[in-house]
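J.: here are the coordinates; sequence isn't available:
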């Protein structure tokens, strides 16, 4: 089912005398999720992504704006009439019920013409359990399951009614690193198999990039950029998005466009055209550095971190806003830092310019 | 030497000693003593003598119509007030939990009786029920308003007195139960309710299938302590009906024990001891049954 958010705004009333002002959690949110896609809502904590999810689920009422499922305006419908499945960060399984009873629970709520026979309910429950591969744990209580297993039960419970939209609120944040990797692939597989339109909230950019068809980057309630993960990474709309995506994070320098050249401090590193002379922020992806004896960017050598396939060169540069400049280069390179400096040349397509005042992207042509 | 000290656990006993001493002197010794008295026939506390050893004290107490009356009253009180007060407290707590504005105010109001002086409470009940030279009591005024006849709640028929006693008991235990239940309700993970709402669960089903099981340990706790408290009822009865409870047909088991020791017809420590041991046996049995039921329920809830 297609999901459309139109100018969605949510304001919370201030609390007490100290914070009397309203808090705008989500501001003018507009985007469309095509049928069957998995969309990652991404942003730092407090950016309004969970609020946006709760607006879609109906647990919160928007202050302004409309929500459509398909062609239907469901803004004023209560959550139970929206046909959504919701998975909570800490699963919210009913601790006193078995796995089977937990998954059955939503089906037993159906009344009137939707009421199912016991046999149909059981077969649907088994089907959902098989989908998330917990059919051997049906008689256990949630307390006897690992975090990953509980997560699967929560997903099965959300899926058993075959909702039009599946909402996942930070579903992986309570799992350890290895399980997180495994479960996110699992979520992707389940989503593909069922074809349910899915919204996934996370603060982990790697997680969002790896499984989403499309990501929505948010900051302080405002959408910063929407697009395919790779496209957003390769073409960030502003400094915030550039900084938020990518591990290790992007290197940011204070730079200058002067006479068709881009300067980082005193190093003229690249040529620019189509951008007026001005002070700029320069973002350079770690993989945008090339070790080069005659390179134009000269940094004070710090250390080398070996990561197997790649090595990471940590160095310092006067114009860098980060304490260190981190570059990732192929492990075949030898780092030669006899005199305490390393020299790099930069790949133009990995360098982004941002207006100093607004931190918005400056589009121009960058050349070697 | 040092090692043996630690191995034998003597140090642990040393730490336990003060508590054991106090419990022993003020709890265990009197209990054993009472048990011994209850088998000593015709014990006289002044001369410290008795005629013989046997079960006569028990036989006497069990055939004493006043004791049987006291047992009947106590059981009635327990059976009526414990379930009723728990259910009403649960309803009020759920209501308190559901309202947002003025919740603190209402919580304070419902808790006030807990910190109110017993004398003040007694006074209020007197105004409500007692016939004085000036009025027949507020409840009787109301009854007259609706065309009912006069009922003497303090010196009148048995059921009227039992009604007042039960009402008083329920009212007195209510604040504590509400306090416990509201905090139990507040500790239920709100996401469980959100999950249930998204799944379209009707309110009654949420209450029966989620709320009740989640707070059931606290309900069991209240039932058990409620049973014990009601079995030990005495001072409330005195406050309402005076000290001559046998004449008023409103005696309780604890009241009977007290009367046997110190009352106008008192001076029989052997009979008092036998009655006390019988009460102990009753409370022990009921508590064991309660624990068994609650354990089975808890295991059922947690699937062990």
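T.: Nice, thanks for sending it over. Remember, it's a predicted structure, so these values are computed and weren't measured experimentally.

J.: Where does the spatially most central residue of chain B sit, in terms of helix or strand?
T.: Residue closest to the average C-alpha location in chain B (C-alpha atoms, centre = their mean): residue B:229, at 1.8 Å. Assigned by DSSP states H and E, residue B:229 belongs to helix B:212-231.

J.: so how far is that helix off the chain centroid?
T.: Going by C-alpha atoms, centre = their mean, to the nearest Å, the spacing between the C-alpha centre of helix B:212-231 and its chain's C-alpha centre is 11 Å.

J.: Skip ahead from that helix and say which helix or strand is next.
T.: Scanning the chain past helix B:212-231 towards its C-terminal end, the next helix or strand to appear is helix B:235-241 (assignment: DSSP H and E).

J.: Could you list the buried residues of that following helix?
T.: Neighbour counts using 16 or more other C-beta atoms under 10 Å in any protein chain shown place B:236, B:237, B:238, B:239, B:240, B:241 of helix B:235-241 among the buried residues. The way it works is simple: take the backbone N, C-alpha and C, and place the C-beta from them, glycine included.

J.: And the last one, how far from residue B:249?
T.: Noted for residue B:241: a distance of 9 Å to residue B:249, by C-beta to C-beta, to the nearest Å.

J.: for the fifth one, same thing?
T.: In this structure, residue B:240 lies at 13 Å from residue B:249, with C-beta to C-beta as the measure.

J.: so what sits against both of these two?
T.: Applying C-beta atoms under 8 Å, 6 or more residues apart in numbering or on different chains, one finds that residue B:240 and residue B:249 are jointly contacted by residue B:161.

J.: Would you map the helices across the stretch 1-150 of chain A?
T.: Listed in chain order, the helices of the stretch 1-150 of chain A (DSSP state H, counting those that start in this stretch) span residues A:49-57, A:99-108, A:118-131, A:147-159.

J.: What helix or strand is the residue in the stretch 201-350 of chain A positioned nearest to chain B located in?
T.: Closest approach of the stretch 201-350 of chain A to chain B (C-beta to the nearest C-beta) occurs at residue A:201, with a separation of 14.3 Å. For residue A:201, the enclosing helix or strand under DSSP H and E is strand A:197-202.

J.: what about the residue nearest to residue A:44 when sequence neighbours are not counted, how many residues close to it?
T.: Counting by C-beta to C-beta, 6 or more residues apart in numbering or on different chains, residue A:44 lies nearest to residue A:203, which is 5.9 Å off, once chain neighbours are set aside. By other C-beta atoms under 10 Å in any protein chain shown, 18 other residues sit near residue A:203.

J.: Residue A:203 against residue A:170, yeah?
T.: Yes. Under the contact definition of C-beta atoms under 8 Å, residue A:203 touches residue A:170, with a separation of 7.2 Å.

J.: Quick one: residues contacting the closest residue in space to residue A:210 that isn't next to it in sequence.
T.: Here the nearest residue to residue A:210 in space, its sequence neighbours aside, is residue A:184; by C-beta to C-beta, 6+ apart that works out to 6.5 Å. Contact analysis of residue A:184 by C-beta under 8 Å, 6+ apart lists A:172, A:207, A:210, A:211.

J.: which parts of stretch B:50-58 are buried?
T.: Within stretch B:50-58, the residues that qualify as buried are B:50, B:56, B:57, B:58, counting by 16+ other C-beta under 10 Å.

J.: List phi and psi for the residue of chain B found nearest chain A.
T.: Distances from chain B to chain A, computed as C-beta to the nearest C-beta, single out residue B:200 as the nearest residue at 3.0 Å. Listed backbone geometry of residue B:200 is phi 70, psi 30, with angles given as degrees, to the nearest 10.

J.: Quick one: residues contacting the nearest residue to residue A:97 once chain neighbours are set aside.
T.: Excluding the flanking residues, the one nearest residue A:97 by C-beta to C-beta, 6+ apart is residue A:105, at 6.9 Å. Residues near residue A:105 by C-beta under 8 Å, 6+ apart: A:94, A:97, A:157, B:196, B:199, B:201, B:209.

J.: Now list the buried members of those.
T.: Restricting the contacts of residue A:105 to buried positions leaves A:94, A:97, A:157, B:196, B:199, B:201, B:209, with burial counted as 16+ other C-beta under 10 Å.

J.: Count the neighbours of the closest residue to residue A:46 other than its chain neighbours for me.
T.: Among residues not flanking residue A:46 along the chain, residue A:220 sits closest, at 7.7 Å (C-beta to C-beta, 6+ apart). Using other C-beta under 10 Å, residue A:220 has 15 neighbouring residues.

J.: quick one: residue A:220 and residue A:45 touch, right?
T.: No. Residue A:220 is beyond contact range of residue A:45, at 11.4 Å (criterion: C-beta under 8 Å).

J.: how is chain A carved up into domains?
T.: With domains defined by automatic domain parsing, chain A comprises A:3-243, A:249-367.

J.: still on that earlier bit, please narrow the buried residues of stretch B:50-58 to those residing in helices.
T.: Secondary structure of the buried residues of stretch B:50-58 is defined by DSSP state H; positions in helices are B:56, B:57, B:58.

J.: Any chance of the residues you listed in a markdown table with distance to chain A and pLDDT as columns?
T.: As requested, these are exported to a markdown table (distance: C-beta to the nearest C-beta, whole Å; pLDDT from 0 to 100):
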| residue | distance to chain A | pLDDT |
| --- | --- | --- |
| B:56 | 52 | 87 |
| B:57 | 48 | 87 |
| B:58 | 45 | 90 |
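
J.: Check what pLDDT the residue of chain B closest to chain A gets.
T.: In the prediction, the pLDDT value recorded for residue B:200 is 84.

J.: dump the residue contacts of it.
T.: When contacts are counted by C-beta under 8 Å, 6+ apart, residue B:200 touches A:79, A:80, A:81, A:106, A:109, A:110.

J.: just those residues that are near chain B?
T.: Intersecting the contacts of residue B:200 with the contacts of chain B gives A:79, A:80, A:81, A:106, A:109, A:110 (criterion: C-beta under 8 Å from any C-beta of the partner chain).

J.: Could you tell me the angle between the strand holding residue A:201 and helix A:49-57?
T.: Taking axes from the mean of the first three to the mean of the last three C-alpha atoms, to 10 degrees, one finds strand A:197-202 and helix A:49-57 inclined to each other by 160 degrees.

J.: Neighbours of residue A:367, how many?
T.: Residue A:367 has 10 neighbouring residues, counting by other C-beta under 10 Å.

J.: meant to ask about residue A:11, not that
T.: Using other C-beta under 10 Å, residue A:11 has 16 neighbouring residues.

J.: and if you look at residue A:150?
T.: By the criterion of other C-beta under 10 Å, residue A:150 has 23 neighbours.

J.: Tell me the residues of chain A that contact chain B?
T.: Applying the criterion C-beta under 8 Å from any C-beta, the portion of chain A that neighbours chain B consists of A:57-59, A:78-81, A:84-86, A:88, A:90, A:92, A:94-98, A:105-106, A:109-111, A:139-141, A:143-144, A:157, A:161.

J.: From the residues you listed, which land in strands?
T.: Where the residues of chain A next to chain B overlap with strands, as defined by DSSP state E, the overlap consists of A:84, A:85, A:86.
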